[in-house]
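Colleague: Give me the fold of what follows.
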Amino acid sequence: MIQDYTYLLPEERVAQYPLEDRDASKLLVYEEGRITETLYKDMAGLIPSGALMVFNDTRVIEARLLFQKETGARIEIFCLEPLDMEPSRAMNQEGKATWKCLVGGAGKWKAGRLHKELPLHSSGEDPVIHLYAEKGGEVPDGYRIHFSWTPEDMPFVSVLHHAGLIPLPPYMHRSAGAGDVERYQTVYARFDGSVAAPTAGLHFTPSLLERLNRAEVQTGFVTLHVGAGTFKPVKAERMSGHVMHAEWIDVTDTFIEQLLDAEGPVIAVGTTALRTLESLYWMGVKALQGPVTGEKEISLGQWEIYEHLPQDTDWREALKGLLNWMKQRGMDRLVTQTQLLIAPGYRVRMVDGIITNFHQPGSTLLLLVAALVGEDWKSIYQYALEHHFRFLSYGDGSLLWFRR
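Modeller: The predicted model follows:
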């Protein structure tokens, strides 16, 4: 029952702003039932030499677009995900693009084309961007929105950078400010496509990464573009009634080889990195089962692993199967979607620990934590509440060790 995975989170414990120094955040450490605390900046002394830390290098896009109709009515469009295209391609579309969006004030926008004019700050012939939006039909949890713009040779990611705002989570109860443009990104963010940050990584600084490197801790990078579904509350009484959001992953064959060569523990930096790693395992299982013809077929549905796939495949064999499947198709990158749901009862295959923030009551992220550490999630969260840890995206975090 979902009600078994909730707790009382006082409003004042939700961090509304980040600390001045990223790695000054508190870090709760959990191992074999014991709880201690330290700071992120001292993490290098906690990670064994030879460990592999896996980071999600997605970048948050300026997904909130504000328009004003000639009547004065304000319309807000929140770009959730591109339709019929993976994010890296969609970011580079020129002249026009179609996205699934939320629309604030949709009742005031029955028909017609919205227009937004912005300074381009360039020496070109046209010193402004003209951005247009037309509302198509409804899609699940949103609308189909057709965008067009000039200059037509400008990629959509640049249009968003000029025209949009960083989409802070709804529980911050404020609009993004100038400081959020930098602080709601990880320092290693690289590939545009997320509408929410992989928040466990927000605490890392170049100096902390360098200290980990000097401690002979290995680092690897995957890409999972975080969707707004990460904030979607579980409203059903049981998980069987909840629809998990699908998200795009982008992983190289070189990274999979790095996983196979790892001799120490594997630590996921964030729930998104963990979901990606576990998804790779199950995609390898699918590849071994066969026949799987392409990226669409190897994607993971919400219940697929529980209903159709064997549960006892060795993780190395699964990854080798995935690599062979990719090589047979001449692929050096795997770009596909995962709807993998990790909840109590799930057995982790790929990871020995996770670094993660403290999550909302009754959320799929809290269910994931409970799947990893069992009923001890309650004592972990109770400790964090009693010892004045800051919660959610800009809050403090935890290092949770567990057994595969």
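Colleague: And what about Pro310, helix, strand or coil?
Modeller: With DSSP: H, G, I helix; E, B strand; the rest coil as the basis, Pro310 sits in coil.
Colleague: shaky segments in the stretch 1-150 of the chain?
Modeller: 121-126 (pLDDT under 70).
Colleague: quick one, strands of the stretch 101-250 of the chain?
Modeller: 113-119, 128-139, 142-150, 191-194, 218-225, 247-252 (DSSP state E, counting those that start in this stretch).
Colleague: hmm, who's touching the second one?
Modeller: The set of residues external to strand 128-139 that reach it, using Cβ atoms under 8 Å, 6 or more residues apart in numbering, is 65, 67, 77, 83, 98, 100, 103, 106, 109, 111-120, 143-151, 154, 159, 162-163. In this view, the C-beta of every residue, glycine as well, is placed from N, C-alpha and C.
Colleague: strands paired with it, and their directions?
Modeller: strand 113-119 (antiparallel), strand 142-150 (antiparallel) (DSSP bridges).
Colleague: Mean neighbour count added to those strands, as CSV?
Modeller: Listed next are the strands paired with strand 128-139 as CSV, based on neighbours: other Cβ atoms under 10 Å:
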stretch, mean neighbour count
strand 113-119, 13
strand 142-150, 19
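Colleague: Nearest to Tyr5, out of the strands of the stretch 101-250 of the chain?
Modeller: strand 247-252 (21.1 Å; Cβ to Cβ).
Colleague: Which secondary structure elements does that closest one sit against?
Modeller: Where contact means 3 or more Cβ pairs under 8 Å, 6 or more residues apart in numbering; DSSP states H and E, strand 247-252 is packed against strand 218-225, helix 271-289, strand 333-338.
Colleague: Just the pLDDT for the residue nearest the centre of the chain.
Modeller: Centroid check for the chain by Cα atoms, centre = their mean gives Val226 as the closest residue, at 3.0 Å. At Val226, the model reports a pLDDT of 93.
Colleague: Hmm, Ala196 and it touching each other?
Modeller: Yes - using Cβ atoms under 8 Å, Val226 makes contact with Ala196 at a distance of 4.5 Å.
Colleague: Now for those two: what residues contact both?
Modeller: Counting by Cβ under 8 Å, 6+ apart, the contacts common to Val226 and Ala196 are Val60.
Colleague: Going along the chain, name the helices of this structure.
Modeller: 87-91, 156-163, 178-183, 206-214, 253-261, 271-289, 295-298, 304-307, 315-328, 364-373, 377-386 (DSSP state H).
Colleague: Go through the ones you listed and pick out the most buried.
Modeller: helix 271-289 (a mean of 25; mean count of other Cβ atoms under 10 Å).
Colleague: quick one: average confidence on that helix?
Modeller: 97.
Colleague: That one relative to helix 364-373, how many degrees between them?
Modeller: Going by axes from the mean of the first three to the mean of the last three Cα atoms, to 10 degrees, helix 271-289 is angled at 70 degrees with respect to helix 364-373.
Colleague: where's helix 271-289 relative to the chain centroid, distance-wise?
Modeller: Centroid separation for helix 271-289 versus its chain: 16 Å, with Cα atoms, centre = their mean, to the nearest Å.
Colleague: Pull out the CA atoms of it and give them to me as PDB.
Modeller: Only the C-alpha atoms of helix 271-289 are listed here, as PDB (Å, rounded to 0.1, in the frame of the first residue of the first chain):
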ATOM      1  CA  THR A 271      17.900   7.700  -8.700                       C
ATOM      2  CA  THR A 272      18.100   8.500 -12.400                       C
ATOM      3  CA  ALA A 273      21.600   7.000 -12.700                       C
ATOM      4  CA  LEU A 274      20.300   3.900 -10.800                       C
ATOM      5  CA  ARG A 275      17.300   3.500 -13.100                       C
ATOM      6  CA  THR A 276      19.500   3.700 -16.100                       C
ATOM      7  CA  LEU A 277      21.900   1.100 -14.800                       C
ATOM      8  CA  GLU A 278      19.100  -1.300 -13.800                       C
ATOM      9  CA  SER A 279      17.500  -0.700 -17.200                       C
ATOM     10  CA  LEU A 280      20.700  -1.700 -19.000                       C
ATOM     11  CA  TYR A 281      20.600  -5.000 -17.100                       C
ATOM     12  CA  TRP A 282      17.000  -5.700 -18.200                       C
ATOM     13  CA  MET A 283      17.700  -4.700 -21.800                       C
ATOM     14  CA  GLY A 284      20.600  -7.100 -21.800                       C
ATOM     15  CA  VAL A 285      18.300  -9.800 -20.500                       C
ATOM     16  CA  LYS A 286      15.900  -9.000 -23.400                       C
ATOM     17  CA  ALA A 287      18.700  -9.100 -25.900                       C
ATOM     18  CA  LEU A 288      19.700 -12.600 -24.700                       C
ATOM     19  CA  GLN A 289      16.100 -13.800 -24.900                       C
END
